[in-house]
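A.B. asks: Build me a model:
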Amino acid sequence: TMIFKPIRWIVFDITGTLLKFHPSVAEIYYQAAKNVQIEPPFLDPALMKPAFSKAYKQVNQEYPCFGYYSLGSERDWWKEVVSRTLTTAVSSDSRIKLTADDHERYFRAVYQAFGSPSSYHVYPDTWKLLDVLKSSQKTRSDGSCYQLGIITNSDCRAIDTTLPTLNLHHHFQFALSSTDYGWMKPDSRQYLKAYEQMQFYDPHLASPEEVLYIGNDIEADYKGARASGFQSILIGM
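C.D. replies: Next comes the predicted model:
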């Protein structure tokens, strides 16, 4: 029988765990194209999803961790993704001749869209769970409350802009992104660096086994956390 230590910290992934994009990444990219007048019949919305997926994978392979090692800034990294997405999406239509100004206008529209709260949907269960954990001090036998944190493979903007925009940031004692040190889950260095931060705030934290990690990706979240000594829960949305 496996015996688990009492949990002191509960740490979350962000996208797919606490919230999702709304209505979807592809639709946000398509609407941005319409806003800068790159629109039907010259742009098929069905092409946006595969175009974005291809661009994201390519740029992530060439410049890991949102350009942490080579590209200069997260914004430059996203500019490359957005430009390649647009180029791929319109490549089948010879009538579209994109200029550098087109790409610049389009990137600004996309980047602004993801800074807006309307591009995200916080799961109703997220609010319920955070409320329960916030009141845990009243129900735990030792009179303490759970401390909460974030470990995400997203860039710093998800922590510095998205969480405050959605009024979620104040629930969490710390947050660690993939661009803080250039590591991504399931790399144990990401989890163990987060554990160091937890110990800073909680000197009584004695073992990674006292941390529960909650995420929606079986490799990055569930297996990565367990391999690092954390307890782990995999959720699906």
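
A.B. asks: CA atoms for contacts and neighbours, from now on please.
C.D. replies: Noted.

A.B. asks: Now the terminal residues of stretch 79-98, how far apart.
C.D. replies: Using CA to CA, to the nearest Å, the end-to-end distance of stretch 79-98 comes out at 15 Å.

A.B. asks: Buried residues, it. List them.
C.D. replies: Buried positions in stretch 79-98, judged by neighbour count with 16 or more other CA atoms under 10 Å: 79-90.

A.B. asks: can you check stretch 147-163 too?
C.D. replies: By neighbour count on 16+ other CA under 10 Å, the buried set for stretch 147-163 is 147-156, 158-159, 162-163.

A.B. asks: Next, count neighbours for H170.
C.D. replies: For H170, the count of nearby residues is 10 (other CA atoms under 10 Å).

A.B. asks: distance of it from L130?
C.D. replies: Taking CA to CA as the measure, H170 falls 11 Å from L130.

A.B. asks: S70 too?
C.D. replies: Distance from S70 to L130, by CA to CA: 37 Å.

A.B. asks: again, but for V81
C.D. replies: V81 sits 33 Å away from L130, going by CA to CA.

A.B. asks: So, low pLDDT: which residues of the protein?
C.D. replies: Filtered on pLDDT under 70, the chain yields the residue ranges 1-4, 39-42, 71, 93-94, 137-144, 237.

A.B. asks: Can you tell me the centre-most residue of it?
C.D. replies: For the chain, S154 is the residue whose C-alpha lies nearest the centre (CA atoms, centre = their mean; 3.6 Å).

A.B. asks: returning to that earlier point: in strands, which of the buried residues of stretch 79-98 appear?
C.D. replies: Of the positions in these, not one sits in strands, assigned by DSSP state E.

A.B. asks: Now tabulate those residues in JSON lines and tack on distance to L19.
C.D. replies: Listed next are those as JSON lines, based on distance: CA to CA, whole Å:
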{"residue": "K79", "distance to L19": "23"}
{"residue": "E80", "distance to L19": "25"}
{"residue": "V81", "distance to L19": "22"}
{"residue": "V82", "distance to L19": "22"}
{"residue": "S83", "distance to L19": "26"}
{"residue": "R84", "distance to L19": "26"}
{"residue": "T85", "distance to L19": "23"}
{"residue": "L86", "distance to L19": "26"}
{"residue": "T87", "distance to L19": "29"}
{"residue": "T88", "distance to L19": "28"}
{"residue": "A89", "distance to L19": "27"}
{"residue": "V90", "distance to L19": "30"}
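
A.B. asks: Out of those, which sit inside helices?
C.D. replies: Within these, residues falling in helices by DSSP state H are 79-90.

A.B. asks: Which one of these is nearest to I218?
C.D. replies: The shortest approach to I218 among these belongs to V81, at 25.4 Å (CA to CA).

A.B. asks: now the buried residues of stretch 147-163 as CSV including distance to I10 and secondary structure?
C.D. replies: Shown next, in CSV, are these (distance: CA to CA, whole Å; DSSP: H, G, I helix; E, B strand; the rest coil):
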residue, distance to I10, secondary structure
Q147, 6, strand
L148, 5, strand
G149, 7, strand
I150, 9, strand
I151, 11, strand
T152, 14, coil
N153, 17, coil
S154, 19, coil
D155, 21, coil
C156, 20, helix
A158, 19, helix
I159, 17, helix
T162, 20, helix
L163, 17, helix
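
A.B. asks: These: which two are farthest apart?
C.D. replies: It's Q147 and D155 that sit farthest apart of those, by CA to CA, at 22.6 Å.

A.B. asks: so how many other residues sit close to the closest residue in space to S118 that isn't next to it in sequence?
C.D. replies: Distances taken as CA to CA, 6 or more residues apart in numbering place H22 nearest to S118, at 7.0 Å, with adjacent residues excluded. Other residues near H22 come to 16 when the count uses other CA under 10 Å.
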